[in-house]
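Trainee: Predicted structure and sequence below. I'll ask about it afterward.
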Amino acid sequence: MTPVVVWFRRDLRLHDNPALAAAAKSGRPVVPLFVLDEESRGVRSLGGASRWWLHQSLRALAGDLVGLGLSLRLRRGSASEVLPEVVRETGAGRVAWNRCYEPASVARDTKVETKLRAAGVEVESYAASLLMEPGKVLTGQKAPYKVFTPFWKRLRELYRMPAPHPAPREPAPGPAVASDRLDDWGLQPTAPDWAGGLRETWEGGEAAARRRLADFMADGVERYGIDRDRPDLPGSSRLSPHLHWGEIGPHQVWRAAAPLIEADAPGESGPEALLRELAWRDFSHHLLADSPHMETDNWRTAFDRFPWRDDPKALAAWQEGRTGYPIVDAGMRELWHTGWMHNRVRMIAASFLTKDLLVHWRHGERWFWDTLVDADLANNVANWQWVAGSGADAQPFFRIFNPVRQAAKFDPAGAYVRRWVPEIAHLPDRWLHQPWEAPLNVLSEAGIELGRDYPPPIVDHAAARHRALQAYEKMRRP
DNA sequence: TTTTGAGTTGTTCGA
DNA sequence: GTCGAACAACTCAAA
């Protein structure tokens, strides 16, 4: 029997990996392959934090495959060139992969498939990365949902938990064709090495992902409904980067969480809230698949008239965490240091950029893309557009987050701000989230001079809110 | 086709 | 401090 190439992409795991399971079951010799494709048209280059994560994840995957007697092959280049090459070199008669759903990935995969089939190679693809594939959750009018709640209701009705695929046992190894060395890909930063904070915070790879899920199910998910909004508490699942790279799949999370839901418990339980967040991930992917233009353009075209401001200095202050609003700065610094930001704070920071500063959501989206370890195209653009008001199911524009009120509500004792903005840590709680309001003697007792140790606010929120509402009005009635 | 109810995550104001 | 209403209209999804 000819070998089968298993093309890994966003499914860097051995468990519950249908393409790998099917390849192993076929009895053919297996050639596991990863292609670093930065050439296919429309496929975005990875951000810095994503590249770092990918390095860890591939190293882990390669190690796990060695345990099965397989050797992960690494190649670089356009997938539609590389796949046929590897097929020729190995003499493979079949290629298997799990499907991706971003529009540019779909186009690339179609091209690869066409080329392989033309060369007489079988192609098998599988669903593995979403709960439901785009196009499978539709309204009564057979149209994709544009509002989350009915989408979620329908998904719950339609979803059938698939039987898990165990990790394969001793598949036959395929021929050892040439492979790049992972270290030569330069995915990790060297000069300067800015990844110290990432290394302290994260461990990539399937084993770490499985541990994270198990730990969270044992301790955390019960309080998830309440604590996930609190950046000062460890309430988040922190599964997002693992899910992005498929070190763990959404069905595995569902299988773990669904049995913990108590049927007659009042309100939404922690496990239920987790499934709902998983469904948001699906919703974003379905939206992007249906509206490919939303990667760069407003989903609501009315926002094409919105009077965004071009303000590189404000953008830089936001990126560097020196807006003078402690909760915003804490978030931006957490992001820079760890490659991750608490979801509540993402909303606050995004609202601040788009509404207080009136900077186009695209700039924020690009910054997150580069700095987040969980950077995911569909989630990133859908959530930025949601906050900006230009997206599906967006909040009414007049819902403008007040960074002081949000901070008081979700970081009540200031532990989060004190951790990430240590220069103001000695301020009493009352002034911590609004140091510009503190009396001079309070500031000096805390060892702070505004403008020297910590910036004054770059905009006055009340005035900025008013300006944003006017801009919105201008868009609606030009 | 028309109608109806509802829409992740908020803020401000005035009683 | 706490509560409810207003904020503005529009679009979506299902009956």
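Mentor: Structure received.
Trainee: per-residue pLDDT, A:Gly267?
Mentor: With respect to pLDDT, A:Gly267 scores 70.
Trainee: same question but for A:Ile348, I mixed them up
Mentor: Reported pLDDT for A:Ile348: 95.
Trainee: Name the residue of the stretch 201-350 of chain A with the shortest distance to DNA strand B.
Mentor: A:Trp280 (4.1 Å; C-beta to the nearest atom of the strand). Backbone N, C-alpha and C define where each C-beta goes, glycine included.
Trainee: Chain A now?
Mentor: A:Thr149 (3.0 Å).
Trainee: which element follows whatever helix or strand that residue lives in toward the C-terminus?
Mentor: If you go by DSSP states H and E, A:Thr149 is part of helix A:148-158. Using DSSP H and E, the helix or strand that directly follows helix A:148-158 along the chain is helix A:196-201.
Trainee: just checking, what packs against that next one?
Mentor: helix A:48-67, helix A:326-338 (3 or more C-beta pairs under 8 Å, 6 or more residues apart in numbering; DSSP states H and E).
Trainee: Quickly compare these and say which is most buried.
Mentor: helix A:326-338 (a mean of 25; mean count of other C-beta atoms under 10 Å).
Trainee: That one vs helix A:48-67, what angle?
Mentor: Helix A:326-338 runs at 40 degrees relative to helix A:48-67, counting by axes from the mean of the first three to the mean of the last three C-alpha atoms, to 10 degrees.
Trainee: quick one: average confidence on helix A:326-338?
Mentor: Summarised as a single mean, pLDDT over helix A:326-338 is 98.
Trainee: what's in contact with it?
Mentor: A:197-198, A:200-202, A:231, A:318-323, A:340-342, A:345-346, A:348-349, A:352, A:368, A:371-373, A:403-404, A:406-407, A:411, A:416-417, A:419-421, A:424, A:432-435 (C-beta atoms under 8 Å, 6 or more residues apart in numbering).
Trainee: Mark which of these are buried, thanks.
Mentor: When neighbours are counted using 16 or more other C-beta atoms under 10 Å, those contain these buried positions: A:197-198, A:202, A:231, A:318-319, A:321-323, A:340-342, A:345-346, A:348-349, A:352, A:368, A:371-373, A:403-404, A:406-407, A:411, A:416-417, A:420-421, A:424, A:432-435.
Trainee: restrict those residues to contacts with DNA strand B.
Mentor: A:Gln406 (C-beta under 7 Å from any atom of the strand).
Trainee: Narrow the buried ones among the contacts of helix A:326-338 to those in helices?
Mentor: Counted as lying in helices by DSSP state H, out of the buried ones among the contacts of helix A:326-338, are A:197-198, A:318-319, A:345-346, A:348-349, A:368, A:371, A:403-404, A:406-407, A:416-417, A:420, A:432.
Trainee: so what's A:Asn298 scoring on pLDDT?
Mentor: 94.
Trainee: Cross-check the contact I'm expecting between it and A:Trp384.
Mentor: No. With contact defined as C-beta atoms under 8 Å, A:Asn298 does not reach A:Trp384; the gap is 10.7 Å.
Trainee: which bits of the stretch 1-150 of chain A sit near DNA strand C?
Mentor: Residues of the stretch 1-150 of chain A lying near DNA strand C (C-beta under 7 Å from any atom of the strand): A:139-141, A:143, A:145-147, A:150.
Trainee: Would you reformat the residues you listed as JSON lines and include neighbour count, secondary structure and pLDDT?
Mentor: JSON lines is the format used below for these (neighbours: other C-beta atoms under 10 Å; DSSP: H, G, I helix; E, B strand; the rest coil; pLDDT from 0 to 100):
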{"residue": "A:Thr139", "neighbour count": "13", "secondary structure": "coil", "pLDDT": "94"}
{"residue": "A:Gly140", "neighbour count": "7", "secondary structure": "coil", "pLDDT": "92"}
{"residue": "A:Gln141", "neighbour count": "6", "secondary structure": "coil", "pLDDT": "91"}
{"residue": "A:Ala143", "neighbour count": "9", "secondary structure": "coil", "pLDDT": "93"}
{"residue": "A:Tyr145", "neighbour count": "21", "secondary structure": "coil", "pLDDT": "95"}
{"residue": "A:Lys146", "neighbour count": "17", "secondary structure": "coil", "pLDDT": "94"}
{"residue": "A:Val147", "neighbour count": "11", "secondary structure": "coil", "pLDDT": "93"}
{"residue": "A:Pro150", "neighbour count": "14", "secondary structure": "helix", "pLDDT": "93"}
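Trainee: how close does A:Asp297 sit to A:Phe352?
Mentor: 23 Å (C-beta to C-beta, to the nearest Å).
Trainee: Repeat that for A:Met161.
Mentor: 39 Å.
Trainee: rewinding a little: for A:Asn298 and A:Trp384, indicate the residue with more neighbours.
Mentor: For the pair A:Asn298 and A:Trp384, the greater number of neighbours falls to A:Trp384 (25 against 20), based on other C-beta atoms under 10 Å.
Trainee: Next, the more buried one: secondary structure please.
Mentor: helix (DSSP: H, G, I helix; E, B strand; the rest coil).
Trainee: Spit out the contact partners of it.
Mentor: A:350, A:354, A:361-362, A:364-365, A:368, A:391.
Trainee: Kindly report the same for A:Trp361.
Mentor: With C-beta under 8 Å, 6+ apart, A:Trp361 has these contacts: A:350, A:353-354, A:384-385, A:387-388, A:390.
Trainee: for A:Ala413, helix, strand, or coil?
Mentor: coil.
Trainee: now it: how far from A:Met161?
Mentor: For A:Ala413, the distance to A:Met161 - C-beta to C-beta - is 40 Å.
Trainee: swap in A:Arg73?
Mentor: 33 Å.
Trainee: Those two - which one has more neighbours?
Mentor: A:Arg73 (25 against 10).
Trainee: Put the buried members of the contacts of A:Trp361 into a ChimeraX selection.
Mentor: Of the contacts of A:Trp361, the buried ones can be selected in ChimeraX as follows, counting by 16+ other C-beta under 10 Å:
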select /A:350,353,354,384,385,387,388,390
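Trainee: what's the closest of the contacts of A:Trp361 to DNA strand C?
Mentor: A:Ser390 (12.2 Å).
Trainee: I figured the closest one hits A:Thr296, correct?
Mentor: No. In this structure, A:Ser390 is not within contact of A:Thr296 by C-beta under 8 Å, at 11.6 Å.
Trainee: what's the neighbour count on A:Gly324?
Mentor: 19.
Trainee: Ok, A:Pro259 next?
Mentor: A:Pro259 has 10 neighbours, counted by other C-beta under 10 Å.
Trainee: Give me the local confidence score for it.
Mentor: 94.
Trainee: Enumerate the beta-bridge partners assigned to A:Tyr126.
Mentor: A:Asn98 (DSSP bridges).
Trainee: For it, give its distance to A:Arg430.
Mentor: Counting by C-beta to C-beta, the gap from A:Tyr126 to A:Arg430 is 56 Å.
Trainee: who's more crowded, the two?
Mentor: Neighbour count, other C-beta under 10 Å: between A:Tyr126 and A:Arg430, A:Tyr126 has more, with 17 against 12.
Trainee: is stretch A:300-309 anywhere near DNA strand B?
Mentor: No. Using C-beta under 7 Å from any atom of the strand, stretch A:300-309 stays clear of DNA strand B, with a minimum separation of 11.5 Å.
Trainee: Break chain A down into its domains, please.
Mentor: A:4-129, A:131-162+A:205-290, A:301-473 (automatic domain parsing).
Trainee: A:Tyr472 against A:Phe397, yeah?
Mentor: Yes. Contact criterion C-beta under 8 Å: A:Tyr472 and A:Phe397 qualify, at 4.6 Å.
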